[in-house]
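Participant: This is a predicted model, with the sequence first.
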Amino acid sequence: MSNKIRVGVFGGGGAGHHHLEAFANMSEEVEIVGVAEINQTRGEQLVSEFGTTCYNSVDSLISAGLDLGVVALPHDQLLDCGLNLLNANCHLLMEKPMGNSLVEAKTLWAAYRDAGDLVCTVSFVHRYRTAFSKASELLQHGELGDIVSIHEHFRFPGDSRVPQWVWRHESSGGGVLLYSGIHNLDRILWFVGSHAASVTGIVGTHSHDVDVEDGVGALIQFENGCYATVVGNQPSSVVPSPFSRTEVYCRQGTIIVSNGTELTVVSNDGEVSTQNFEPVGHFEQQARNVVNAILNSESAFVTMEDGIEAYRIAEAVYESSRANKTINMSDV
Ligand SMILES: NC(=O)c1ccc[n+]([C@@H]2O[C@H](COP(=O)([O-])OP(=O)(O)OC[C@H]3O[C@@H](n4cnc5c(N)ncnc54)[C@H](O)[C@@H]3O)[C@@H](O)[C@H]2O)c1
């Protein structure tokens, strides 16, 4: 009998494919039982690429018997699939944002807490990029002093590379803030290490004919005195140079991460160092983290609470934009 962890991937689109690649590189520790994918053509491609089995429903893959479910479905299906997996006593690697509303995300969080010893994590996968983990280490060592402010900026294509369901509120619960920007919110929370006190935000639909936002701006004040900004958009127009940039200003120096791969550290005495890291491997690092957590009966690096905290800020951004006022986080 095999002692390998039996993994099932739910949804074989963009994110599901990354997860399959990651677990396929871990054949000593895991067995990929199959992928649940309703698009037959897509399913056949995945069967041919990964030599796995395609199931045409969530339930049929769960019935095949799993230890770990990886959920990479449209946002309106994350909660149901997650609850069914917890009911079947499966560990969970859940895609962000854990549901298509904060209420749904909290429902999943409550079910996880009731479930006892299961390992559950949220796929804030960019935390596993080397440039960001090195930035986090630097901040924790404290050589640059306390953080004063963090500024996150992204501009990604909003064309057919974004799945169509993202642009419908009914299926996504929100546009670029929940599909992309929630990673930035999570990163800010991770780096700052404090709770958000208040949020002022604005979301807008500027270039797409849709009912969710294609652009977002937010200002977050933290209980420890830091503040952070996020500005992001995914327009319908061509984006010739997509980018993401994270700037962390500390008392004794500055950290800049460009496109998740280039790390620049500038100290106040003028010393500058730049390192480039390969953009590959973060999905596999995440997969290894959840598998090790299961094997060692410990928590995964990213917790369900982290997922809720990032979603609470996103919710406050929407509410601030709707009400045209600053939102006190104790009200969210
Ligand atoms: N962590 C990341 O970096 C990252 C990147 C992209 C997307 N995501 C997240 O991953 C999730 C999926 O996003 P995506 O971009 O991969 O979307 P996608 O549309 O590319 O993939 C979803 C797949 O699920 C399939 N599907 C839909 N309903 C199904 C059902 N009932 N049963 C089986 N298959 C079904 C679709 O056919 C599609 O192939 C979302 O939560 C999204 O926010 C995360």
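Facilitator: Sure, I can see it.
Participant: Run through the residues that contact the residue of the stretch 1-150 of the chain found nearest the ligand.
Facilitator: Using CB to the nearest ligand atom, the single residue of the stretch 1-150 of the chain nearest to the ligand is Gly13, 1.8 Å away. From N, CA and C alone the C-beta is placed, and that goes for glycine too. By CB atoms under 8 Å, 6 or more residues apart in numbering, the residues touching Gly13 are Arg42, Ala72, Pro163.
Participant: Ok, Asn328 next?
Facilitator: Contacts of Asn328 (CB under 8 Å, 6+ apart): Ala197, Ser198.
Participant: Now it: phi and psi?
Facilitator: Phi and psi for Asn328, reported as degrees, to the nearest 10, are phi -80, psi 130.
Participant: Any idea what it is bridged to?
Facilitator: Asn328 has these beta-bridge partners by DSSP bridges: Ser198.
Participant: if I look at it, how far off is Glu223?
Facilitator: Asn328 is 12 Å from Glu223, where distance means CB to CB, to the nearest Å.
Participant: List the residues that are in contact with both of these two.
Facilitator: With CB under 8 Å, 6+ apart as the test, Asn328 and Glu223 both reach Ala197.
Participant: contacting residues for Glu152?
Facilitator: Residues in contact with Glu152 (CB under 8 Å, 6+ apart) are Asn184, Arg187, Ile188, Ala228, Thr229, Val230, Val231, Gly232, Ser244, Arg245, Thr246, Glu247.
Participant: Spatially, what comes nearest to the third one if we skip its sequence neighbours?
Facilitator: Right, Ile188. Nearest non-adjacent residue to Ile188, counting by CB to CB, 6 or more residues apart in numbering: Ala228, 4.6 Å away.
Participant: What lies in contact with the host helix or strand of the one you found?
Facilitator: Using DSSP states H and E, Ala228 falls within strand 227-233. Outside strand 227-233, the residues that touch it by CB under 8 Å, 6+ apart are 149-156, 158, 176-177, 180-181, 184-185, 188, 192, 206, 214-222.
Participant: Extract the C-alpha set from it and format it as CSV.
Facilitator: What follows is strand 227-233 as a C-alpha-only set of coordinates in CSV (Å, rounded to 0.1, in the frame of the first residue of the first chain):
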residue,chain,number,x,y,z
TYR,A,227,0.6,53.1,6.3
ALA,A,228,0.4,51.4,2.9
THR,A,229,-1.0,52.1,-0.5
VAL,A,230,-2.2,49.8,-3.3
VAL,A,231,-2.8,51.0,-6.8
GLY,A,232,-3.6,48.5,-9.5
ASN,A,233,-5.5,48.1,-12.8
